[in-house]
Each structure stands twice: as structure tokens, then as C-alpha cells.
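Asker: sequence unavailable; structure follows:
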């Protein structure tokens, strides 16, 4: 008998029928003899609807009250889910974030989990009940106020529960089958991975892959939680996110799964991710003296924008001048451009070019550490396809390039193929977004 | 400066516009220098919608989970209301039933308040904040579970808060101006009462008047809370519910209001109530021996039905036999009739007549204690109108009669007039139900 944490997102519990389907899935797990703890999100669009109501009564809602409001969404879904399980003849109890002992910082809307004290959950499990916990929410011990965890909060709730309860696995359900070598909507021959390392998953998620949230994967890596990303709609094995200190995946009989069973192929490259959320700013003719770059990035930092890639040309066309390019999220770009323009005379640069027609392609693989020539494959593939590279950045296990956004999809397909990632058949693509 | 508790029902906070209107009303009170604590119901039809969802996932929802579900409704309205007040420049904090220290029995769906420990509310008031509390809900200390108070729960929440905080007045807002001498939709010349005694209010509410819930009035009487029933839509004075040990109503300047100001007319009869929710069962030809009535009402009690009026004829048409009639809520009548029919041979009665075409008219007035001939006016008025009385029952301050339901409205008008209750102009009738 194992202790299994299962997380179901909003689209999995969007209406009464979906809730009953999820309840049946949970009951099946319970019936197989496992203890089950479930983290659940608010139903479908509930959170957006509540945000809309909030904006109607207050242009800038008080953060404490916004958290109080939004946390009602999971309260609804978790109570309905517990009822549905109960009516199938199994004991089930729902718990709010505070009842579950999900203790967070006091940062309303973006609270971080600081401790989990699942006393009531353990008692309910000891009573043989399925435990349902509200995702996305917690409470602060000092203010005694309700908090929410922000984007990806329910995944983090699930992983934190798995860590606190020493669960055997944390199953994160969504409308896709697991982690793919690329987004199947862009790369039809993308394959589902049997496993991926946590560090690869983090790089993919940070560079545009949507199935798992970075925060949850980080939490899992830090606390040794085995994540199994799988589909709500099938009973297929999904993708295991493995890492040091994590438990080994087990099959239905409780046996440790063989390398074959989880697709332990160990490729050099795990996957290809694309990201259209970035814009590029190029500052031309910057005086090539110490302190110029610092002046620019001090200004950018003051706006709160997160810089992603930075490239400084070794030599500009003009003597004594250099060009600096960087990428940042599109929504921050206008403010940054404005701040830089206002400081043109102070910094002494000649011109500024703003470009939001760029896309980023990233190739991620832990095997890059030990294999040489990985980047060469990328450059050759893009070159053969006539696709121009505008910027390059690398980490230990990742190579990212900035391209024209119109060429991004084709680039993903040729690169995916060049690394030998193509499957033999097209992947089934669900209507969903993967969340 | 006073401490004022205000209660707003679901129709007062049905949408964003209504919430902003209520927020403005609260801010006006705060601006006048008063401390304000608000009890609020769920928005509009939220509770019914949640009940509907529950019935879709589980035919008989688990009571603990149903309370968890339903309690989310007030969480939404209270957070929105706090936001709206906040955005008007006033500090406001919302609290769930458990945060507010509303401690109840563990009877899910019908919990009773056993204690109120408003530590956090006092702290928020000390900080100068408007306090918003979720109506209808509390929690049990032993199980640590969320409970709901059942029908009329938010009124009871408001009164319990007023008692625990020693508030100067508990204002219960609805879509009518206050307590009327009769339902203005039936009796157009009904007048708004400036005041009414708690015992009169209890008799009116128990006999069909809808503006205040019995539980809340009982709680107010027991704990000496002054209730002021008034309209959300006007700033008119409403009706004060007075009683022994209660504080005196005060005007906007904080002065105790004169008898004139609250309409201290002390009539013999305070009002006329009608009730169409009852059915009548007559058991004919019951053996006139000790124990027959006991046998019948033991059976009725077993079904859980609440008997209202009972009449036993002194003498039946047949020697040695008697007829027994009683009234009870329509929704209990079928089950009771079935139980009695099954026991016909045991009890030995001859026939059973079920009648749901009856209505009850009640005249209530504390002055009945000291004035004689009050019932005579009722009987004469009905007789003059050619309306037949089927059953009569009385309490110290009430006379009730059972009539054909088709004659109930006319009866209310003639009786209202006979007791001199008619006003000079027709009352404004709002679309609402008074709740």
C-alpha cells in the first residue's frame, strides 16, 4: 500500500460530470489499497470569474480580501469532490489550506510555503478517509490571514503535501499525457517521455514548456518528491520527473519499475521548448567604457523587469562604441524602453531598437554535460533550413537561440528531427493547453 | 459614537452594483463616527446554485461537506464587500465564521451558536477597521469543522455578534421598510410600525410574517439586543423590536429617541399575520376513551412533524366517538396521513380527512393581556364578511383562526380594518419578499 498524492486542475473539475469522473478515478486508486490525498484547483473559470467580480467592485482590490475571495473557489470544488467520493461509498474529508496546515509567508497573492503541519490530514488518513485539500491556498501564522500561492499554486500544494506526508508519488493530472519532447501542437512527431530529470524539466519549464510549473518542480527537487505527470482522461503511464534523493517509480503491484518501463533511454537531448513571450531591445552605439552596461541594467532593474538573455558585441561598427542586446518579457518591454529613452543623454548611446517579433528556441538535455558537439547539431539544422540565429545563450544543460518568431515553429520541427527525437507516429493532440 | 451591527441579506448584495451600494451605506455609518460590524449573506441565489451543484454530484450530500460548500458563498460576498469599502478609502477586514469566533454545535446544516469569541473582531475595530463577518456560518470546537446555522442564519449571526460585542443596535436590512401591521401586498392599508415588542414579533413571525426570523428575535430577546428592521433602499427609520433589558433606540445624534419618534402608540393589536403553509387533518370517529389522542399524536410525533393547532370536539355526532382536527406544515402532511391510515385499525377511528386548502389568520398584540373583548372584534368582523371559522386557537397575546384559504386575504383586510390598524394611504410595496 502506498500513499499517493493526486492533483487535479480546474479543467479536470470544470463541472459536475467532470467532478464525478475525477471522483471515480480517486476511488479506483483508493480501492487498489492506497492512501490518497488530493489537491484540487477551483472549478474551470471560477478564479477568473471571481477576479472579474473583484475588479467590478474595486479597481485595485485589497490583497488580503482578494485572497479571501479567490480561496473560496477551491472550497467549492473540494467540497463537491468530497461529496462525490462519499456518495460512491468511500469516506472523504475536505480541508482548506489552513485546516491542512499549509503555512505560508504573508505575501498575499504570491505567498510561499514555509511549513506544512498536516496533523488533521494524518488523522483523516488514519480513519481511512480520502483526504481532499484546497490547492493554491494557505495561511500565515502571524496575521492568521488566508493567503494564496499565485500562479501554479495548486501544483505546489500537491508537491508540498507529498513532501510533508512522505508520499510515494505526487501524480499531477492534466489534459495531456505527460511531458513531450516538444509541444505536439507545433511538432507533430513529438514523443511522450517516460521520464525526465528535474533539472531538465526546470529548464524546459523556464523556457516555455507549460505542463508543469517551475515552482512545483523546484519544490519537488528540493524535498525529494517523485512527480508523475499524467492524463486525467487515460490510465496510461505519464512522465516521471526524477532526481537525486527521490523515490523510485513503482508499478501498480508496488514493484520498482524497470528502466525499460519508464523509458530509460537517456538521450543526450530531452526536449525542445519554444517561447514567444519575450521581446528584444537593442541599445546601439553605447560608449565602450566601463560602467555603460551597468548604467543600462541598473535602469532596467529599477523597472522590475526580468532580463533573460544579454549579448554585447565585441566590436561595433564604430570605434569606441558597442551594441548591447537583451531579451525580456514582452509586458515589461514598453516600460523599459521608456526608461532607457529618458536616460539616453546620461548613458550617451546613439539609438534604441525595440523588437517583439522574436521567438526563443531552447534545446535541453542533461547529456550535454558529457557529450560534445550538441550545439553544432542545432546550428547545422537551423542553417540547412535557412533560419538565421540572432542571439545565443547557453547553460550547462541548455542551448537557447533567438529567432524571427515567424520561423520558430519550423525551427522546432527541424531541430527536433535533427536530434533524433521524432517519433514514428503523430502525437494525439488534445484541445487543452496542458493545464 | 456607537457600535452598530448591520446585516445585509443576499438580495442586498446580489451583484457588483448592489455590493457597492451597500458599501456606501456602511461607509456613511462609519463616516458618522460609529464603529461598524457587518454580517453578510451569500450573493443573491448563490446558496441555491451551490445546493444544485451538490445535488448533481451526490444525491444525498455528506452534511460536513455540504456545510463546507455552502459556507463559501458568504466568503465571496464578504470579501467583495470589504474590497468595495476599502476602495472607498476606509479600512475593512472580512472574517469567516470561524475567524470571527462563532462557535456552534456540530449539527451540520442546523448548528446552534453556543459561544461567540470575537477577539479578532475587537482587534480590527480597535484598528479603526470596518468588520465584515460571514453570516450563516460558524465552527465546532471539538470537530474543528465548519458548520452552517440553517434558515435565517445570517440574521442570527448579526444578533449574536451584537450581543457578544455589546452593540448599541443590530440593524437588519431588507427590501421592506420595517415591520408592518400586515403584509402590504395583501392589505394595502397596512402601516409600518415604529416599534413592536419582541414577544409580539415572535408571535407574528411564528404565524407567517416574513421580515424577521424567529431564531434571531429569540436570540435578541434572550441577550437584550435591540433590533432595528429597516430598508436597504431608503434612509427612513424602520421598526425597533423592543423588550426587557434591551437598550433604548437612539437617533443620529446619539440621543435616546422619544416615544413619539418611534411611534409609541401602544395599540391593543400590533398586527395581523396570515399563513398558507399549513394543512389540516381531521380524524373522524375516534373512540372517546383515554389514550386515543395520545395514540394519534405519538404516531405524528414519530414522523417528526410539528403540530400547530389541535381541536377536539366536545361531542361527536356519534355517541362514544369524537373528532380530532389538527394543523401541521403541508410538507409533513402526506407522511402523517400515511402513518395514520396504516394505524387505522389499531387506533380504531372511522375516517380521515386531509385538507390543504386552509389558511391561518392570526391577530397579535401584547395589549390583549389587559384588554377584554379583543377576540369578539375578530369574530364579528369575520362574521360580517360572511367568512366561516373552522378552528380557533389562542395564546396570551394571540388569537389564530383557520379559514378557507380562498377567503384568507379578504379576512386579513376586514380584520385589519376592524382593529383600527388601517393607515390613511396605501403602503409602498416593493417587488421583494421582505427577505
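Answerer: Thanks, I have the structure now. If you're wondering where the values come from, they're calculated on a predicted model, not measured in any experiment.

Asker: so is residue A:334 in a helix, a strand, or just coil?
Answerer: Following DSSP: H, G, I helix; E, B strand; the rest coil, residue A:334 is assigned to helix.

Asker: might one say that residue A:307 is in contact with residue A:298?
Answerer: No: look at residue A:307 against residue A:298 with CB atoms under 8 Å: they stay out of range, at 11.7 Å. Using the backbone N, CA and C atoms, a C-beta is placed for each residue, glycine as well.

Asker: in terms of neighbours, single out the busier of those two.
Answerer: Shown here are residue A:307 and residue A:298; by other CB atoms under 10 Å in any protein chain shown, residue A:307 has more neighbours (15 against 11).

Asker: and that one, what does it touch?
Answerer: A:297, A:300, A:326-328 (CB atoms under 8 Å, 6 or more residues apart in numbering or on different chains).

Asker: residue A:394 sits in which helix or strand?
Answerer: strand A:391-395 (DSSP states H and E).

Asker: can you name the element that comes right after that strand?
Answerer: strand A:398-404.

Asker: quick one: list the elements packing against that following strand.
Answerer: Counting contacts by 3 or more CB pairs under 8 Å, 6 or more residues apart in numbering or on different chains; DSSP states H and E, strand A:398-404 packs against strand A:358-364, helix A:374-384, strand A:391-395.

Asker: who does the last one touch, helix- and strand-wise?
Answerer: Identification of packing neighbours for strand A:391-395 by 3+ CB pairs under 8 Å, 6+ apart yields strand A:310-312, strand A:398-404.

Asker: returning to what we had before: quick one: closest of the helices and strands packed on strand A:398-404 to residue B:356.
Answerer: strand A:358-364 (72.5 Å; CB to CB).

Asker: show me what from chain A comes close to chain B.
Answerer: A:16, A:19-20, A:23, A:50, A:53-54, A:56-62, A:64-66, A:68-69, A:71-73, A:75-76, A:78-84, A:86-87, A:92-94, A:99, A:120, A:144 (CB under 8 Å from any CB of the partner chain).

Asker: residue contacts, the closest residue to residue A:423 other than its chain neighbours?
Answerer: Distances taken as CB to CB, 6 or more residues apart in numbering or on different chains place residue A:191 nearest to residue A:423, at 3.8 Å, with adjacent residues excluded. Neighbour list for residue A:191: A:180-181, A:421-423, A:427 [criterion: CB under 8 Å, 6+ apart].

Asker: rerun at 10 Å
Answerer: A:180-182, A:184, A:263, A:265, A:271, A:416, A:421-425, A:427 (CB atoms under 10 Å, 6 or more residues apart in numbering or on different chains).

Asker: wait, isn't residue A:160 in contact with residue A:111?
Answerer: No: with contacts counted by CB atoms under 10 Å, residue A:160 stays clear of residue A:111, the gap being 11.8 Å.

Asker: buried stuff in stretch A:16-33?
Answerer: A:16, A:18-23, A:25-27, A:29-30 (16 or more other CB atoms under 10 Å in any protein chain shown).

Asker: related to what we said a few turns ago, which neighbours do residue A:160 and residue A:111 have in common?
Answerer: What both residue A:160 and residue A:111 touch, as defined by CB under 10 Å, 6+ apart, is the set A:102-104, A:138, A:149.

Asker: these two touch, right, residue A:260 and residue A:251?
Answerer: No: contact criterion CB under 10 Å: residue A:260 and residue A:251 do not qualify, at 11.7 Å.

Asker: look at these two and report which has more neighbours.
Answerer: residue A:251 (12 against 9).

Asker: whatever residue of the stretch 201-350 of chain A ends up closest to chain B and residue B:191, how far apart?
Answerer: Per CB to the nearest CB, residue A:232 is where the stretch 201-350 of chain A lies closest to chain B, at 16.4 Å. As defined by CB to CB, to the nearest Å, residue A:232 lies at a distance of 62 Å from residue B:191.

Asker: residue A:217 now?
Answerer: 70 Å.

Asker: what about residue A:64, which SS state?
Answerer: Per three-state DSSP, residue A:64 ends up helix.

Asker: pLDDT score assigned to it?
Answerer: pLDDT for residue A:64: 97.

Asker: residue A:276 too?
Answerer: The model's pLDDT for residue A:276 equals 94.

Asker: again with residue A:253
Answerer: 78.

Asker: make sure residue A:82 is indeed in a helix.
Answerer: Yes: judged by three-state DSSP, residue A:82 forms part of a helix.

Asker: I'd guessed it sits against residue A:23; true?
Answerer: Yes: look at residue A:82 against residue A:23 with CB under 10 Å: they come within range, at 8.7 Å.

Asker: which neighbours do the two share?
Answerer: Counting by CB under 10 Å, 6+ apart, the residues touching both residue A:82 and residue A:23 are A:38, A:90, A:92, A:130, A:132, B:57-58.

Asker: from chain B, how far out is residue A:184?
Answerer: Residue A:184 is 32 Å from chain B, where distance means CB to the nearest CB, to the nearest Å.

Asker: without its sequence neighbours, what residue ends up closest to that residue?
Answerer: Residue A:184's closest residue in space is residue A:427 (CB to CB, 6+ apart), at 3.7 Å.

Asker: how many residues are close by the one you found?
Answerer: Other residues close to residue A:427 by other CB under 10 Å number 20.

Asker: can you check residue A:288 too?
Answerer: Around residue A:288 there are 18 other residues, counting by other CB under 10 Å.

Asker: give me the three-state assignment for the residue nearest to it when sequence neighbours are not counted.
Answerer: Spatially, and ignoring its direct neighbours in sequence, residue A:288 is nearest to residue A:322 (4.6 Å; CB to CB, 6+ apart). Secondary structure, three-state DSSP: residue A:322 is strand.

Asker: hmm, residue A:322 is touching residue A:293, no?
Answerer: Yes: shown here, residue A:322 and residue A:293 form a contact pair, counting by CB under 10 Å, at 8.6 Å.

Asker: need the contact list for residue A:55.
Answerer: Neighbours of residue A:55 in contact, by CB under 10 Å, 6+ apart: A:61, B:16, B:83.

Asker: again, 6 Å this time
Answerer: With contact set as CB atoms under 6 Å, 6 or more residues apart in numbering or on different chains, residue A:55 has no partners.

Asker: about what we covered before: can you read off the pLDDT for the residue nearest to residue A:423?
Answerer: For residue A:191, the predicted pLDDT is 92.

Asker: distance check, it against chain B.
Answerer: 37 Å.

Asker: give me phi/psi at that residue?
Answerer: Per-residue torsions, residue A:191: phi -110, psi 150 (degrees, to the nearest 10).

Asker: rewinding a little: among the shared contacts of residue A:82 and residue A:23, name the ones in helices.
Answerer: Among these, DSSP state H puts residue B:57 in helices.

Asker: just the buried subset of the shared contacts of residue A:82 and residue A:23, please.
Answerer: A:38, A:90, A:92, A:130, A:132, B:57-58.

Asker: let's verify the residue of chain A most remote from its centre: helix, strand, or coil?
Answerer: Largest separation from the mean C-alpha position in chain A: residue A:319, at 44.1 Å (CA atoms, centre = their mean). Here residue A:319 is coil, with the state taken from three-state DSSP.

Asker: how near is it to residue A:347?
Answerer: 18 Å.

Asker: do residue A:253 as well
Answerer: In terms of CB to CB, residue A:253 sits 66 Å off from residue A:347.

Asker: for residue A:369, state which of the shared contacts of residue A:82 and residue A:23 is nearest.
Answerer: residue A:38 (37.3 Å).

Asker: give me the beta-bridge partners of that closest one?
Answerer: Beta-bridge partners for residue A:38, by DSSP bridges, are residue A:6, residue A:132.

Asker: these two touch, right, it and residue A:6?
Answerer: Yes: with contact defined as CB atoms under 6 Å, residue A:38 counts as touching residue A:6 (5.0 Å).
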